[in-house]
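1. pasting the sequence and the predicted model now:
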Amino acid sequence: MLFESLNIIEPILKAVQEEGYTTPTPIQAQAIPIVLQGTDLLGCAQTGTGKTAAFAIPILQLLKAKKNFDKRRKIRSLIVTPTRELAIQIDESFKAYGRHTGLVSTVVFGGVNQNPQTTALRVGVDILIATPGRLLDLMNQGHLTLRDVEIFVLDEADRMLDMGFIHDVRKLIAELPQKRQSLFFSATMPPEIVKLASTILHNPLKVSVTPVSSTVDIIKQFVYFVDKGNKNDLLIEILKDKAIKTALVFTRTKHGADKVVKILLKHDIKAEAIHGNKAQNARQRALSNFKDQTTRVLVATDIAARGIDVDDLEYVINFEMSNIAETYVHRIGRTGRAGAKGTALSFCDAEEKEFLRDVEKLINKKINVINNHPFPLIDHHPVKAPKQERRNTGHARPKPDVNANPQRRFSNTRSTR
């Protein structure tokens, strides 16, 4: 299937082709026709599936087709997303696909001076991409109204809940017109997400691609059992491999990310951190440096990493295992995109073994163990982690994956613990 077969109008099709796209991804092929017919949509799709184009392209086409007789531009489409990085990325996509339509988009988010944002709103925009907090703040100040919104998109709904935005989202929904088209996207569909979707959508059609429980097959996955105190040394050891041009490293906390960066810098490895305590311009600079490979290692927390979209990123390193199994899938999904190579390396200390088991249950696969490294796990019996810190997926324990191929650099692996 080609984009031409989706009945996309010429100005948008031209822009899509200029971006180098010819074949739609599965989410795009399924969602674009649904949105174009004006139907509400419930989409289960994670970052990296082409989700943004799946709603941006048809929204641009619908707004282009409906004439706005008021000379003043009104906010006719609202896209709400949880993080600043993702909001910026979505706005860039709208500008790229809509460059020949005459439609205007802008983005608003917190952590920066609001004056440029309010100036853009005064001039007038057709499409607004926003994070919940700044959007409510600007509404309360009287800088914008949502009464003219025709198409509403709630993106990354599961992350909205994780970040505590549910009350803000409900306030925003209450300000939207009853008569509207609504699109709802989430990487996972736990009961609370399904309940939220039911309050937003009217007779939606459902689209589901790349379920969160399945990791991209092309991504090679490995785990190192290592004592917590030796993780820094293991990371330095791995990064001695010059074949690793860039690596995205995940920690659970902002403080942990900063500590890892300090260690890497001491060993002359150019690294930067990206997390919620960083100013917006610092975050954007770090991401830009990482994309152009000026920075070799980007250390990120899970929330800050949403929206990081780097072409040809081959290595993701879980410096700390996440206590939520689904988060592991989101992390490693930053690599192996669009058929590119991808390798995910995880450092697991004794306290994190339960988190690893949860991951393996979720993906229904054993992750190969790298044994021949200089810092093997010594302390195998720590105090058991509190149960409330874990999230058990309840899946049956998988059988060992006897066909997995070990990493090129470390060949002596086992699938047993």
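-> Cool, the structure landed.
2. residue ranges with poor pLDDT in the stretch 101-250 of the chain?
-> In the predicted model, the stretch 101-250 of the chain carries pLDDT under 70 at residues 210-217.
3. please redo it, this time with the cut-off set to 80
-> 162-163, 188, 210-218 (pLDDT under 80).
4. what are the ranges of the helices in it?
-> Taking DSSP state H, counting those that start in this stretch as the test, the helices found in the stretch 101-250 of the chain are 115-123, 132-140, 157-162, 166-175, 191-200, 231-238.
5. in CSV: those helices, plus mean neighbour count and distance to Cys348.
-> In short, each C-beta sits where N, CA and C put it, glycine included. Shown next, in CSV, are the helices of the stretch 101-250 of the chain (neighbours: other C-beta atoms under 10 Å; distance: least, C-beta to C-beta, whole Å):
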stretch, mean neighbour count, distance to Cys348
helix 115-123, 14, 43
helix 132-140, 17, 34
helix 157-162, 22, 22
helix 166-175, 15, 32
helix 191-200, 14, 28
helix 231-238, 19, 10
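6. buried residues in stretch 283-300?
-> Buried residues in stretch 283-300, counted by 16 or more other C-beta atoms under 10 Å: 283-287, 290-291, 295-300.
7. what about Thr253, neighbour count?
-> Neighbourhood size, Thr253 [other C-beta atoms under 10 Å]: 12.
8. surely it and Thr301 touch.
-> Yes: counting by C-beta atoms under 8 Å, Thr253 does reach Thr301; the two are 6.7 Å apart.
9. whichever strand or helix holds Arg285 - contacts with which helices or strands?
-> Following DSSP states H and E, the helix or strand that holds Arg285 is helix 280-291. Helices and strands touching helix 280-291, by 3 or more C-beta pairs under 8 Å, 6 or more residues apart in numbering; DSSP states H and E, are helix 84-97, strand 271-274, strand 297-300.
10. deepest of these, which one?
-> Highest mean neighbour count among the helices and strands packed on helix 280-291 (mean count of other C-beta atoms under 10 Å): strand 297-300, with a mean of 27.
11. and for Lys14, nearest residue in space, chain neighbours not counted?
-> Excluding the flanking residues, the one nearest Lys14 by C-beta to C-beta, 6 or more residues apart in numbering is His100, at 5.7 Å.
12. for the one you found, give me its contacts.
-> Residues in contact with His100 (C-beta atoms under 8 Å, 6 or more residues apart in numbering) are Pro11, Ile12, Lys14, Ala15.
13. the residues you listed into a markdown table, with extra columns for pLDDT and secondary structure?
-> Below are those laid out as a markdown table (pLDDT from 0 to 100; DSSP: H, G, I helix; E, B strand; the rest coil):
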| residue | pLDDT | secondary structure |
| --- | --- | --- |
| Pro11 | 95 | helix |
| Ile12 | 95 | helix |
| Lys14 | 93 | helix |
| Ala15 | 91 | helix |
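14. and these, which are buried?
-> Buried, going by 16+ other C-beta under 10 Å: Pro11, Ile12, Ala15, out of the contacts of His100.
15. between those residues, which sits nearest Ser77?
-> Comparing the buried ones among the contacts of His100 against Ser77 with C-beta to C-beta places Ile12 closest, at 14.3 Å.
16. could you list the domains of this structure?
-> Using automatic domain parsing, the domains assigned to the chain come out as 3-208, 219-414.
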